[in-house]
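Novice: Take this sequence and fold it.
(one chain, ligands or ions: 1)
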Amino acid sequence: DSSSADVANFTWTKFFKNMATFKGDLSTLTAPPFILSPVSLTEFSQYWSEHPDLLLATNNKEAQFEPKFEGVEYNQELNQFLFVVRWFISTLKSQYCSRNESMGSEKKPLNPFLGEVFVGKWEHEEPLGTTYCLSEQVSHHPPVTAYSIFNDTNKVSLQGYNQAKLNFSSAMLSVKQFGHALLKIGETNEYLITLPTLHIEGLIAAAPYVELEGKTYIQGTAGHFAVIEYTGKGWMSGKKNSFKCKIFESKQDHDNEGTKPLFVISGQWSGLSTIYTGDDEKKKKNPQTFYDADREAKDVLSVKPIEEQSELESRRAWKDVAEAIKEGDFNKIHQTKTVLEEKQRSLRKQEEEAGHKWETRWFDLVPVDEDHSSGFVKLSSLAQLSMEDVPSGTIAGSKNESKWLVDDKVAQHWRFNRQKWDDESEINI
Ligand SMILES: CCC(=O)OC[C@H](C)CC[C@H]1O[C@H]2C[C@H]3[C@@H]4CC=C5C[C@@H](O)CC[C@]5(C)[C@H]4CC[C@]3(C)[C@H]2[C@@H]1C
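Specialist: Reported below is the predicted structural model:
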């Protein structure tokens with residue numbers, strides 16, 4: 001009714017004003033109930049694989065990538081690279097539009113507590129077995145989520161971590177992402193995927209949504225290199241959620257002005273995109289559909305019922321708060337949140353008095369010069385990307401890298417420790 005809409009509008013304008021003047025950790029900013037999401041940030045890891053068929057297709061030896069172009073020399077590595085790019089593009093709608101689809105607008109997710117976990121699985125017909133999803137809040141200050149999505153039958157595993165740094169300037173909320181994803185296929189093939197910068201549009205209209213900007217780089221061990229450039233409404237393409245992806249044999253080919261890309265893919269990552277060969281792109285000749293995000297139904301992760309979950313698992317831990325948010329009951333939200341936060345504070349205090357630090361569960365923080373379990377160093381070098389603790393996709397040796405470098409301590413990155421998961425006795429999927 002009009003009164004509640006007026007109240008919502010009033011509170012939003014007030015909230016938007018103090019967000020605009022707010023200098024500090026946005027997570028401490030109390031947002032009005034209608035912009036709160038009942039979903040914890042640990043759940044966002046599942047968005048890497050809501051099309052598990054496309055993730056698993058990257059290791060399907062028999063599958064020949066379609067569409068196939070005359071005159072292009074396809075080898076196993078190029079074929080696989082195309083499957084990897086298609087899978088990556090398919091993750092973007094889930095990552096950045098799922099709240100708009102389910103709740104009408106982007107919302108503020110619940111801020112996970114240290115050690116919070118979220119687990120689930122996708123079960124496939126034989127012989128594809130099961131794909132597992134593990135997500136752990138490995139840091140609370142600052143919030144960092146690490147994840148591992150793996151299928152042992154199909155020998156495909158994705159690991160990564162994410163830290164989002166929010167910055168409010170000139171009525172725009174911009175978000176820099178720290179971290180990266182590493183996709184391992186079989187025993188040897190590995191791909192480094194960097195995370196784009198994003199910003200929140202529609203804030204003034206109280207109908208926020210994510211728009212991507214900047215670039216994603218994908219670097220494979222066989223050399224193939226892709227740059228995905230994001231633009232939005234009013235930019236070059238004029239359409240929201242637009243991108244242009246150029247695929248090269250190598251980073252060197254990309255750097256060499258005279259070398260054409262093997263393929264150019266363009267369109268909307270939340271809708272339809274088309275692929276051309278590098279030769280045909282200029283003449284817009286012979287465009288073929290690359291991916292249609294609206295046509296592919298997503299495969300929702302299956303998560304066991306709350307009563308079977310450990311108290312560390314997101315949906316059980318946040319149950320009361322989530323209900324209060326769904327009811328829009330501000331006092332109940334505040335009260336249930338306080339209960340959870342008090343519990344966490346006393347846990348931290350006990351640890352401090354006992355003199356022992358919280359041990360992360362399935363992930364280790366590995367200094368980059370000791371990172372022998374992943375291809376991160378090799379792939380970053382191939383792509384000439386920074387290995388420092390700077391925004392994802394920062395070019396090595398660039399001004400941007402030195403601007404973000406706070407000190408000269410050795411950068412550390414979160415890595416999945418499979419043994420710790422194999423030894424897990426409390427959390428099951
Ligand atoms: C804090 C101010 C406030 O409450 O404003 C509410 C507005 C809805 C905007 C702020 C929130 O917007 C959310 C969007 C979230 C990102 C969405 C997708 C991803 C990709 C995923 O792989 C990693 C996490 C990431 C980057 C989310 C990070 C948190 C974001 C920016 C939420 C903002 C608090």
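Novice: Just name whatever secondary elements the least confident helix or strand in the chain by mean pLDDT is in contact with.
Specialist: Of all the helices and strands that make up the chain, the one with the lowest confidence by mean pLDDT, DSSP states H and E is helix 2-20; it has a mean of 76. Helices and strands in packing contact with helix 2-20 are not found; criterion 3 or more Cβ pairs under 8 Å, 6 or more residues apart in numbering; DSSP states H and E. C-betas here are computed from N, CA, C, even on glycine.
Novice: which of the residues in the very next helix or strand once past that helix are buried?
Specialist: Tracing the chain C-terminally past helix 2-20 and defining elements by DSSP states H and E, one meets strand 36-40 next. Residues of strand 36-40 classed as buried under the neighbour-count rule (16 or more other Cβ atoms under 10 Å) are 36-40.
Novice: How far does stretch 99-110 stretch from one end to the other?
Specialist: Using Cα to Cα, to the nearest Å, the gap from the first to the last residue of stretch 99-110 comes to 13 Å.
Novice: possible to save the buried residues of strand 36-40 as CSV with pLDDT and distance to the ligand?
Specialist: Output for these, formatted as CSV (pLDDT from 0 to 100; distance: Cβ to the nearest ligand atom, whole Å):
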residue, pLDDT, distance to the ligand
36, 94, 8
37, 96, 8
38, 97, 13
39, 98, 11
40, 98, 11
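Novice: Turn those into JSON lines, including distance to residue 130.
Specialist: Output for the buried residues of strand 36-40, formatted as JSON lines (distance: Cβ to Cβ, whole Å):
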{"residue": "36", "distance to residue 130": "33"}
{"residue": "37", "distance to residue 130": "28"}
{"residue": "38", "distance to residue 130": "27"}
{"residue": "39", "distance to residue 130": "23"}
{"residue": "40", "distance to residue 130": "23"}
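Novice: Farthest-apart pair in these, please.
Specialist: Put simply, by Cβ to Cβ the two of the buried residues of strand 36-40 set farthest apart are 36 and 40, 11.6 Å from each other.
Novice: Overlap in contacts, these two.
Specialist: Common neighbours of residue 36 and residue 40 are listed as residue 110 (criterion: Cβ atoms under 8 Å, 6 or more residues apart in numbering).
Novice: what about the residue in the stretch 201-350 of the chain positioned nearest to the ligand, how many neighbours?
Specialist: Nearest residue of the stretch 201-350 of the chain to the ligand: residue 208, at 4.3 Å (Cβ to the nearest ligand atom). The number of residues packed near residue 208 is 18, by other Cβ atoms under 10 Å.
Novice: How about the contacts made by it?
Specialist: Under the criterion of Cβ under 8 Å, 6+ apart, the neighbours of residue 208 are 35, 105-106, 173, 200-202.
Novice: Apply 10 Å and report the result again.
Specialist: Residue 208 is in contact with 35, 99-100, 105-108, 173, 200-202, counting by Cβ atoms under 10 Å, 6 or more residues apart in numbering.
Novice: now do residue 205
Specialist: Residues counted as contacts of residue 205 (Cβ under 10 Å, 6+ apart) are 12, 16, 105.
Novice: what's the answer for residue 372, then?
Specialist: Residues near residue 372 by Cβ under 10 Å, 6+ apart: 366, 415.
Novice: what separates it from residue 16, distance-wise?
Specialist: 48 Å (Cβ to Cβ, to the nearest Å).
Novice: All the helices of the stretch 151-300 of the chain, residue numbers only.
Specialist: With DSSP state H, counting those that start in this stretch as the definition, the stretch 151-300 of the chain shows helices at residue ranges 251-255, 278-281.
Novice: which other residues reach the longest one?
Specialist: Among residues not part of helix 251-255, those counted as contacts by Cβ under 10 Å, 6+ apart are 217, 219, 223-227, 246-248, 259-262, 278, 381-385.
Novice: of those residues, buried ones?
Specialist: Among those, those scoring as buried are 217, 219, 223-227, 246-248, 261-262, 278, 382-385 (criterion: 16+ other Cβ under 10 Å).
Novice: Now that residue 85 has come up, it's in contact with residue 219, right?
Specialist: No: counting by Cβ atoms under 10 Å, no contact exists between residue 85 and residue 219, whose distance comes to 11.8 Å.
Novice: before we move on, back to that, for the least confident helix or strand of the chain, list every residue counted as buried.
Specialist: Within helix 2-20, the residues scored as buried using 16+ other Cβ under 10 Å are 8, 11-12, 15-16, 19.
Novice: Residue 105 and residue 36 touch, don't they?
Specialist: No: with contact defined as Cβ under 10 Å, residue 105 does not reach residue 36; the gap is 11.5 Å.
Novice: Residue 162 - how many residues pack around it?
Specialist: Look at residue 162: counted by other Cβ under 10 Å, it has 21 neighbours.
Novice: what does this structure have sitting close to the ligand?
Specialist: Among all residues of the chain, those adjacent to the ligand (criterion: Cβ under 6 Å from any ligand atom) are 19, 26, 29, 31, 35, 44, 47, 95-96, 106-109, 162, 164, 173, 175, 177, 200, 208, 210.
Novice: I would like a ChimeraX command selecting only the buried ones among the residues you listed, please.
Specialist: Of those, the buried ones can be selected in ChimeraX as follows, counting by 16+ other Cβ under 10 Å:
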select :19,26,35,44,47,95,96,106,107,108,109,162,164,173,175,177,200,208,210
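Novice: in the stretch 101-250 of the chain, which spans are strands?
Specialist: Under the criterion DSSP state E, counting those that start in this stretch, the stretch 101-250 of the chain contains strands at 108-110, 117-123, 130-139, 144-151, 156-169, 172-185, 189-193, 197-201, 209-213, 215-220, 225-231, 242-248.
Novice: The fifth one pairs with which strands?
Specialist: What it means is strand 156-169. Looking at strand 156-169 with DSSP bridges, its partner strands are strand 144-151 (antiparallel), strand 172-185 (antiparallel).
Novice: so residue 126 touches residue 154, yeah?
Specialist: No: in terms of Cβ under 10 Å, residue 126 does not count as a neighbour of residue 154; the distance is 11.3 Å.
Novice: Which one of the two is surrounded by more residues?
Specialist: Between residue 126 and residue 154, residue 154 has the larger neighbour count (other Cβ under 10 Å), namely 22 against 6.
Novice: how about the closest residue to the more buried one other than its chain neighbours, phi and psi?
Specialist: Counting by Cβ to Cβ, 6 or more residues apart in numbering, residue 154 lies nearest to residue 56, which is 4.8 Å off, once chain neighbours are set aside. Recorded main-chain torsions at residue 56 are phi -70, psi -30, according to degrees, to the nearest 10.
Novice: go on, the one 4 residues further on?
Specialist: In this entry, residue 60 is assigned phi and psi values of phi -90, psi 100 (degrees, to the nearest 10).
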